[in-house]
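Trainee: Mind looking at a prediction? Sequence and model below.
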Amino acid sequence: MRTPSESRHFRLRICIILIIWPAFALPLPLATNSRWIVDEADGSRVKLACMNWVSHLQPMVAEGLSKQPLDTITSTIRAMGFNCVRLTWATFMFTNSSLGQQTVSQSFTSLNLIHALSGIVKNNPDLVALPVVEVFQTVVSSLGKNGLLIVLDNHISKPEWCCSNTDGNGFWGDTYFDPDVWAEGLRIVASLFKDSPQVVAMSMRNELRGPRENIADWYKYVQIGAETIHDANPNVLIIHSGLNFDSDLSFLRSRQLNPSFKNKVVYEMHWYAFTNGNAFGSGNLNQVCESITSSVVNKAAYLVMPNTSFSGPLFVSEFGIDETGANRNDNRYISCIFALIARWDMDWAYWTLQGSYYIRNNQQDLEEIYGILNSGWDSPRNLSFLNRLQSLQRPFIQDISASPNAQKQIIFHPQSGLCLQKDKDNALSLGSCGDATYWTFNSQGQITEMSTYFCIGAEAAGQPAVIRVQGTEKNGPWQLDSQTDMQFSTQLGNLTVCLDGQSHAAVLTSACICAYNSGCTSADDPSGQWFKFVPTSSS
């Protein structure tokens, strides 16, 4: 990950989440089918809804073990509804025995992490005398025991914070990125976890970057890496990073990979607000979201879209925000990426789990404001955001054999993570997408409940939207803003109003914000009025 700059009782909350999110089965091993990740045995869809967990920094130990027992952390991840973890590792942990065979005590003492070491002695005493490589194995075992799938991510070579163009870890041939050592690291790790079925995927390298990067070497070395992993462990998916900090896979349009094996190749992309500077914070949000989403689609997300010359599974393996709510750029970006992930029901991994680091950039116990957990690792940093993120965990498309014509559509509100519902009293509200109403948008401009005569109507500006029988609405036809494909507007006399869910308690028809770019400034935030049609199917 690059960064722009260098309580409610949690156990109660876990119980609530466990009721909401029933246990995932462990379908093993995994394979691919067109753009989907599937259970290799029966071909059914498996959606990866993952959490990143850092284990590649100087201590070479998964973060947080000084704050909580290992099994508490892994069971908490599962209880929050995630079904997998993208666990990072550094090449030299496995290729340099003088590093990998250090005990936890030796590693932390050498870094003067005395306070963190005392926390590990308290919370995980059985790990203190183990070599760091064995601790990594123990973490994998604990994750699997708690029903979590694991993606092993080769994040960097030299254990340290990632990433910059000049850190010597960015591309094959860089100071710390010797191709032979890298391939040997992949072979060792693939072999080490060959008999660990919960390890379902390995990503070959995080965020390729820097002045050396070029397409010819990309094809050369990913072929070597993929074949190395597959020879050592033919069960795992093999995840391929793009160029330019994992933002660009556009070159695959003209030349696809041709590995010796089938149905194991997955691609990955990253997208943060700061990937595009301060565009979300300073621009016309409708225009910025549309423009940047189009760029993301052209460079990477085209892989999951129909009617393209080439498609394949695409794993959004990093995205995230400052969860304190203090970053305007992040706050305005997150609804935009939620809309993309929901619309195409993409596999993903949120950055990040850790609420703090043992040491990062020479600062001990540094708080991670992108972390889903707080600095004590004992409760969510931002419970409302966690609830919102959970809306993307379950698959919208389960039956991948269903034709697009057989799919139904729900309407997703990315700002809340909720979906439009018509309740038993014929009132319109936002609620769980698992209980969403199915909708159609017909050529007469009516948003209609599927297979009924009921449709959404507007009565007055600032008032709740209503459910009407077709033909009795007071408003004109609904129109979908062609720029974002997310803002529904209609005429009430001489007034234009939009569906508005920003109160989250009720769906209103309010004065449109930035629709059709009318009078829009960078101070305006239309995301509360964004609604996205999302296809859905059940198995």
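Mentor: Thanks, I have the structure now.
Trainee: Test my guess that residue 497 contacts residue 487.
Mentor: No. Using C-beta atoms under 8 Å, residue 497 is not in contact with residue 487; the gap is 11.0 Å. In this view, the C-beta of every residue, glycine as well, is placed from N, C-alpha and C.
Trainee: between those two, what contacts are shared?
Mentor: Taking C-beta atoms under 8 Å, 6 or more residues apart in numbering as the contact criterion, the common neighbours of residue 497 and residue 487 are residue 512.
Trainee: Quick check: pLDDT value at residue 357.
Mentor: Each residue has a pLDDT score; the one for residue 357 is 98.
Trainee: Give me the sheet partners of the helix or strand that contains it and which way each runs.
Mentor: Using DSSP states H and E, residue 357 sits in strand 356-360. Taking DSSP bridges as the criterion, strand 356-360 pairs within the sheet with strand 363-367 (antiparallel).
Trainee: Rounded mean pLDDT for the partner strand, please.
Mentor: Per-residue confidence for strand 363-367 averages out to 98 on the pLDDT scale.
Trainee: Flag every buried residue along that strand.
Mentor: By 16 or more other C-beta atoms under 10 Å, the buried positions in strand 363-367 come out as 365-367.
Trainee: Would you mark the buried spots in the helix or strand following it?
Mentor: Next helix or strand after strand 363-367 toward the C-terminus (DSSP H and E): helix 383-390. Taking 16+ other C-beta under 10 Å as the neighbour-count basis, helix 383-390 is seen to contain the buried residues 385-390.
Trainee: okay if I get those as a markdown table plus pLDDT and distance to residue 134?
Mentor: What follows is the buried residues of helix 383-390, written out as a markdown table (pLDDT from 0 to 100; distance: C-beta to C-beta, whole Å):
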| residue | pLDDT | distance to residue 134 |
| --- | --- | --- |
| 385 | 98 | 35 |
| 386 | 98 | 32 |
| 387 | 97 | 37 |
| 388 | 97 | 37 |
| 389 | 98 | 32 |
| 390 | 98 | 33 |
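Trainee: how far does the helix or strand harbouring residue 52 sit from the chain's center?
Mentor: Counting by DSSP H and E, the element that carries residue 52 is strand 49-53. Once both centres are worked out by C-alpha atoms, centre = their mean, to the nearest Å, strand 49-53 turns out to sit 7 Å from its chain's centre.
Trainee: so what strands line up beside it?
Mentor: Its sheet considered, strand 49-53 pairs with strand 84-90 (parallel), strand 347-350 (parallel) by DSSP bridges.
Trainee: For residue 302, find the nearest of these.
Mentor: Residue 302 sits nearest to strand 347-350 of all the strands paired with strand 49-53, at 15.8 Å, using C-beta to C-beta.
Trainee: Can you tell me what sits against that closest one?
Mentor: Among residues not part of strand 347-350, those counted as contacts by C-beta under 8 Å, 6+ apart are 37, 47-52, 84, 86, 151, 313-320, 341, 372, 389, 392.
Trainee: Where does the prediction get shaky in this protein?
Mentor: Low-confidence segments of the chain (pLDDT under 70): 1-26, 517, 538-539.
Trainee: May I have the distance across stretch 457-473, first residue to last?
Mentor: Criterion C-alpha to C-alpha, to the nearest Å; first-to-last residue distance in stretch 457-473 is 5 Å.
Trainee: ugh, wrong one, stretch 390-410
Mentor: From start residue to end residue, stretch 390-410 stretches across 17 Å - C-alpha to C-alpha.
Trainee: Name the residues of it that come out as buried.
Mentor: Buried-residue list, stretch 390-410, by 16+ other C-beta under 10 Å: 390-398, 400, 402, 407-410.
Trainee: Ok, stretch 410-425 next?
Mentor: Taking 16+ other C-beta under 10 Å as the basis for neighbour counts, the residues of stretch 410-425 that come out buried are 410-422.
Trainee: Redo these as TSV? Include secondary structure and distance to residue 207.
Mentor: Supplementary listing: the buried residues of stretch 410-425 in TSV, determined by DSSP: H, G, I helix; E, B strand; the rest coil; distance: C-beta to C-beta, whole Å:
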residue	secondary structure	distance to residue 207
410	strand	34
411	strand	35
412	strand	29
413	strand	31
414	coil	26
415	coil	29
416	coil	31
417	coil	27
418	strand	33
419	strand	33
420	strand	37
421	strand	40
422	strand	44
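Trainee: No more questions from me, cheers.
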